[in-house]
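Asks: structure, please.
(one chain, ligands or ions: 1)
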Amino acid sequence: MKILSVVGARPQFVKLSPIADAAGRAGVEHVIVHTGQHYDPMLSDVFFTELGIPAPDVHLGVGSGSHGVQTGAMLSVLDAIIDEHRPDWVLVYGDTNSTLAAAVSAVKLHVPVAHLEAGLRSFNRMMPEEHNRVLTDHAADLLLAPTLVAAGHLADEGLSARTVVVGDVMTDVLYRVRDEVATRRSVLLDELGLEPGGYAVATIHRAENTDDPVRLRSIIEGLAAAELPVVLLAHPRLRARADVAGIDLDSGNLISHAPLAYHDLIAAVMASRGVVTDSGGLQKEAFLLRVPCTTIRTETEWVETVELGWNELVEDAADVPRLLARPRPAATDATPYGDGHAAERVISELSERAGPAR
Ligand code: UD1
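Replies: Now for the predicted structure:
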């Protein structure tokens, strides 16, 4: 069997890591295509190096642009690559513009497409990720759902015949890295002079939070007003928008810092009192590490984190200081995101269904 994975943005490199491992162990031929959506070394190369992912076989180098320009630039070159490799499966990940471009290219070439992390829904049609998810799920031949809730959404859209629940591959990599960093002190503690349990970790990058300067200012003010130091791991998009709007990312108790590599991020979260974020992945990582999370969004795709009491959604960032000071939620041993072996299941589902082209 031959799989061609298309990735381009930071969370996709994390998901690729356990898939590349499992493919290697199963002796599956695996071609990796990097679209170049993320190009900063701290958003891209560092993940390949430290998570042991083989270097991409093909790099498209598309870079930034409006959604149409970026997606179109990927589409215009993916046809030739998919046609050259003619894999049994094109595997697409998550909900970025790279996901949609690869799904559209493959389906039109009649090459089977599998969507990893299928069925997530925010039901917020203002989010670019929501368009990408819905369109990719409806184009794909095999929908690899991470949770029962995701499979339920696919069933509601008439897609249950193409759906299989495999668990969440982010759990696979998180458990591995958690064990690797368990005895390692977070680099942030020494660099910033922080105490374990005495600070929070924050990330903000979503368009709906960064692109309106009034909204962005209110979020930064909310974080800065916390009673404990808040380390803001600033995505380049956030830094660019804050610079243009003249918003200081180092005010009050807020300390801005460059994005961290994956191991350092997990170590920093494990030693923190809480997480404040608008990232889907980090909400789940906080839950899996049992660190309380506050999510600056009106909804979440990862509803289990909220239902189990470990994640609070907040629209008005003025509530962040209060939520960071809330008591620790009740312990739970629930495992809505699988057992850490999702990637093996993905490879075996793909192998079972691989065959002559449709
Ligand atoms: C993308 C995904 C989002 C995912 C996020 C993870 C889409 C629609 N969004 O958002 O779902 O959660 O990745 O980080 O695909 N930039 C750089 N260097 C880079 C990459 C981006 O400076 O390496 C800057 C550019 O100014 C760019 C902006 O960040 O215009 C936005 O980047 P883009 O890849 O378009 O979207 P993200 O916000 O990263």
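Asks: just the C-alphas of stretch 269-287, formatted as CSV.
Replies: Extracted C-alpha coordinates of stretch 269-287, given in CSV (Å, rounded to 0.1, in the frame of the first residue of the first chain):
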residue,chain,number,x,y,z
VAL,A,269,1.6,23.1,30.1
MET,A,270,2.3,20.2,32.5
ALA,A,271,3.9,22.6,35.0
SER,A,272,1.3,25.4,34.6
ARG,A,273,-1.7,26.3,36.7
GLY,A,274,-3.9,26.7,33.7
VAL,A,275,-4.2,27.2,29.9
VAL,A,276,-6.0,30.0,28.1
THR,A,277,-6.3,29.4,24.3
ASP,A,278,-8.4,29.5,21.2
SER,A,279,-6.5,26.5,19.7
GLY,A,280,-8.4,23.2,19.3
GLY,A,281,-5.4,21.1,19.9
LEU,A,282,-4.3,22.8,23.1
GLN,A,283,-7.8,22.5,24.6
LYS,A,284,-7.4,18.7,24.2
GLU,A,285,-3.8,18.6,25.3
ALA,A,286,-4.7,20.5,28.5
PHE,A,287,-7.5,18.0,29.2
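Asks: please parse the protein into its domains.
Replies: Domains of the chain are assigned by automatic domain parsing as 2-168+338-353, 179-324.
Asks: in TSV: the ones you listed, plus distance to the ligand, mean pLDDT and mean neighbour count.
Replies: Using the backbone N, CA and C atoms, a C-beta is placed for each residue, glycine as well. Output for the domains of the chain, formatted as TSV (distance: least, CB to the nearest ligand atom, whole Å; pLDDT from 0 to 100; neighbours: other CB atoms under 10 Å):
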stretch	distance to the ligand	mean pLDDT	mean neighbour count
domain 2-168+338-353	3	98	20
domain 179-324	3	96	19
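Asks: dump those domains into TSV; add distance to residue 332 as well.
Replies: Below are these laid out as TSV (distance: least, CB to CB, whole Å):
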stretch	distance to residue 332
domain 2-168+338-353	15
domain 179-324	5
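Asks: quick one: closest of those domains to residue 330.
Replies: Closest to residue 330 of the domains of the chain is domain 179-324 (CB to CB; 5.8 Å).
Asks: what about that closest one, how long is it end to end?
Replies: Terminal residues of domain 179-324 lie 26 Å apart, using CA to CA, to the nearest Å.
Asks: what's the answer for stretch 138-155, then?
Replies: Using CA to CA, one end of stretch 138-155 lies 12 Å from the other.
Asks: repeat that for stretch 118-135.
Replies: Termini of stretch 118-135 sit 11 Å apart (CA to CA).
Asks: so what touches it?
Replies: For stretch 118-135, contacts defined as CB atoms under 8 Å, 6 or more residues apart in numbering pick out 67, 95-97, 99-100, 103-104, 136-137, 140, 143-147, 149-154, 157, 159, 163, 206-208, 280, 298-302.
Asks: what separates stretch 180-199 from the chain centre, distance-wise?
Replies: 23 Å (CA atoms, centre = their mean, to the nearest Å).
Asks: swap in stretch 122-131?
Replies: That offset, for stretch 122-131, works out to 15 Å (CA atoms, centre = their mean).
Asks: strands along the stretch 251-358 of the chain, start to end?
Replies: In the stretch 251-358 of the chain, strands defined by DSSP state E, counting those that start in this stretch lie at 254-257, 274-277, 293-295, 311-313, listed in chain order.
Asks: okay, the ones you listed in a markdown table with distance to residue 172 next?
Replies: Converted to a markdown table, these look like this (distance: least, CB to CB, whole Å):
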| stretch | distance to residue 172 |
| --- | --- |
| strand 254-257 | 27 |
| strand 274-277 | 20 |
| strand 293-295 | 20 |
| strand 311-313 | 21 |
